[in-house]
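> Sharing a model prediction with you, sequence too.
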Amino acid sequence: MRALTWQGTKDVRVETVPDPKILNPRDAIIEVTSTAICGSDLHIFDGVIPGMQAGDILGHEFMGRVVDVGPGSTLKKGQRVVVPFTISCGGCFFCTEGLYSACDNSNPVEKQDASEAAFGHAMAGIFGYSHLTGGYSGGQAEYVRVPFSDVGPIVVPDDLPDDQVLFLSDILPTGWMAAENCDIRPGDTVAVWGCGPVGLFAVQSALLMGAGQVIAIDHHPRRLELAASLGAKVVNYRETHVAEALLEMTGGIGPDAVIDAVGMESHGLAPDRLMDRAKQAVGIGVDGIHALRSAIHACRKGGRVSVPGVHGGFADSFPTGAVMQKGLTLRSGQTHVQRYMPSLLHRIAEGEIDTTFLISHRLPLEDAAKGYQHFRDDQNTWTKVVLKTPASGWTG
């Protein structure tokens, strides 16, 4: 089969690799029809995610049709499914608590040591996202082996096109959980740093949850335009002093809740961001947390901080004092995708949520490397890239 493989920093290639096979009774094999490039994939592309090996197959946002199943799978051949990016067993303590992204059993034992050392506990398995998360082959490929297929994939009706449901795999539930973690009350002001895919879905979700005002912060004109089209007020951080603007827009109080939808590779020319980059260059500190620092400082006293943006290491100059002195609540984590998929699928089917507005480019899988480069370098216009395999029937 054809698949996108990682070969090194900023080096990804579509190659011919062996087809996946059923290995365990609960496995299924999915013939991929659509797969997407995620902002989290750019962290791998930029070389800031450890545990990658040459030849690893990338991609964790994908869907397709079931072509083979093990005897323990509840799926049937021919069913059309969306697969969550988190791999979860369904039976461990965390899965039974609905904390699917904290699954204790999906990361193979022989691969748990690295994440245990880094984070204190082993991470769960994730498709196409380094050997820290199990080393599973990802979905930017023609076929994928899906472990625990009786827990993860959701069957979707044939009358909903791929483009409407594909983002159930990650970014729509991630944006929804980001807003949910804000504990939004009617009329609240929610400020969102970053109008990438997750940030835009967080904007959409916060408004659906009853926020009175959502303020979207970015510098790309097209992204800000999309946020405004969803109903957000927008702030261009290159043209406006963000903290002052947020105080003015909230009567001097500050936002009730803030969302860092940027993560470890925040941009900008602020002094703290330049210091982050200098320390990264000499091996001191890993994550750039300018956006998170800004969000924490802007949040009102007693407010809530939600962090869906990916952070993978250690951060310097974290504003611990602001968190404590203002009495902030901070919530984060990989998304418990399986928890949200059924209700969000229902909202899509009922027309309450549109996801297609985000897609700027559709490319054949063979052009995946081009898609990565543009998605990284042309973020104003390349807002979301969907890759189509031959099985999709897409002809461009």
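Right, received. Where do you want to start?
> now the helices: where do they sit in the protein?
39-45, 93-96, 112-119, 162-165, 171-180, 197-208, 221-230, 242-249, 271-281, 290-298, 320-325, 337-349, 368-377 (DSSP state H).
> Now do residue 314, the pLDDT please.
Predicted confidence (pLDDT) at residue 314: the value is 69.
> Just list whatever residues bridge to residue 62.
residue 35, residue 83 (DSSP bridges).
> was I right about it contacting residue 137?
No - using C-beta atoms under 8 Å, residue 62 is not in contact with residue 137, being 11.0 Å away. Where C-beta positions appear, they are placed from N, C-alpha and C, glycine not excepted.
> Please say which of those two ends up with more neighbours.
Per other C-beta atoms under 10 Å, whichever of residue 62 and residue 137 has more neighbours is residue 62, with 28 against 22.
> which residues does that one contact?
By C-beta atoms under 8 Å, 6 or more residues apart in numbering, the residues touching residue 62 are 30, 32, 34-36, 83, 127, 138-140, 144, 166, 169.
> and residue 188, which of the helices of the chain is closest to it?
Between residue 188 and the helices of the chain, the tightest spacing by C-beta to C-beta is seen for helix 197-208, at 8.2 Å.
> before we move on, back to that, nearest to residue 18, out of the helices of the chain?
helix 368-377 (18.4 Å).
> hang on, the earlier thing: what's the closest of the helices of the chain to residue 311?
The minimum distance between residue 311 and these falls on helix 290-298, with 7.7 Å, by C-beta to C-beta.
> So which elements touch that closest one?
Counting contacts by 3 or more C-beta pairs under 8 Å, 6 or more residues apart in numbering; DSSP states H and E, helix 290-298 is packed against strand 189-193, helix 242-249, strand 257-260, helix 271-281, strand 304-307, helix 320-325.
> Quick check: the gap between the residue nearest to the spatial centre of the chain and residue 240.
Centroid-nearest residue in the chain: residue 171, 4.8 Å away (criterion: C-alpha atoms, centre = their mean). Using C-beta to C-beta, to the nearest Å, one obtains 27 Å as the distance from residue 171 to residue 240.
> Then residue 186?
From residue 186 across to residue 240, the span is 27 Å (C-beta to C-beta).
> For the spatially closest residue to residue 210 that is not a sequence neighbour, give its distance to residue 209.
Computed as C-beta to C-beta, 6 or more residues apart in numbering, the closest residue to residue 210 that is not its neighbour in sequence is residue 186, at 4.7 Å. Look at residue 186 and residue 209: by C-beta to C-beta, they are 9 Å apart.
> Comparing these two, which residue is more hemmed in?
Per other C-beta under 10 Å, whichever of residue 186 and residue 209 has more neighbours is residue 209, with 18 against 8.
> Surely that one and residue 185 touch.
No - Residue 209 is beyond contact range of residue 185, at 9.3 Å (criterion: C-beta under 8 Å).
> quick revisit: kindly present the contacts of residue 62 as TSV, with separate columns for pLDDT and distance to residue 109.
Formatted as TSV, the contacts of residue 62 follow (pLDDT from 0 to 100; distance: C-beta to C-beta, whole Å):
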residue	pLDDT	distance to residue 109
30	98	25
32	98	28
34	98	33
35	98	29
36	98	31
83	98	23
127	98	19
138	98	21
139	98	24
140	98	27
144	98	22
166	98	32
169	98	26
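> tell me the domain boundaries of this protein?
Annotated domains of the chain cover 2-170+335-392, 175-332 [automatic domain parsing].
> rank those domains by pLDDT, which is bottom?
domain 175-332 (a mean of 89).
> quick one: it to chain centroid distance?
When distances are taken as C-alpha atoms, centre = their mean, to the nearest Å, domain 175-332 is centred 15 Å away from the chain's centroid.
> How much space separates residue 330 from residue 306?
8 Å.
> Those two: which is more packed in?
Using other C-beta under 10 Å, the more surrounded residue of residue 330 and residue 306 is residue 306, with 28 against 16.
> which residues sit in contact with the more buried one?
Applying C-beta under 8 Å, 6+ apart, one finds that residue 306 lies in contact with 178-179, 181-182, 202, 257-260, 330-332.
> just residue 36 next, same as before
Counting by C-beta under 8 Å, 6+ apart, residue 36 touches 59, 61-62, 166-167, 169, 171, 384-387.
> how close does the residue nearest to the centre of the chain sit to residue 358?
Residue 171 sits 8 Å away from residue 358, going by C-beta to C-beta.
> likewise residue 115?
30 Å.
> Likewise for residue 244?
Residue 244 sits 30 Å away from residue 358, going by C-beta to C-beta.
> Over to residue 370?
For residue 370 relative to residue 358 (C-beta to C-beta), the value is 19 Å.
> I'm done for today, thanks for sticking with me.
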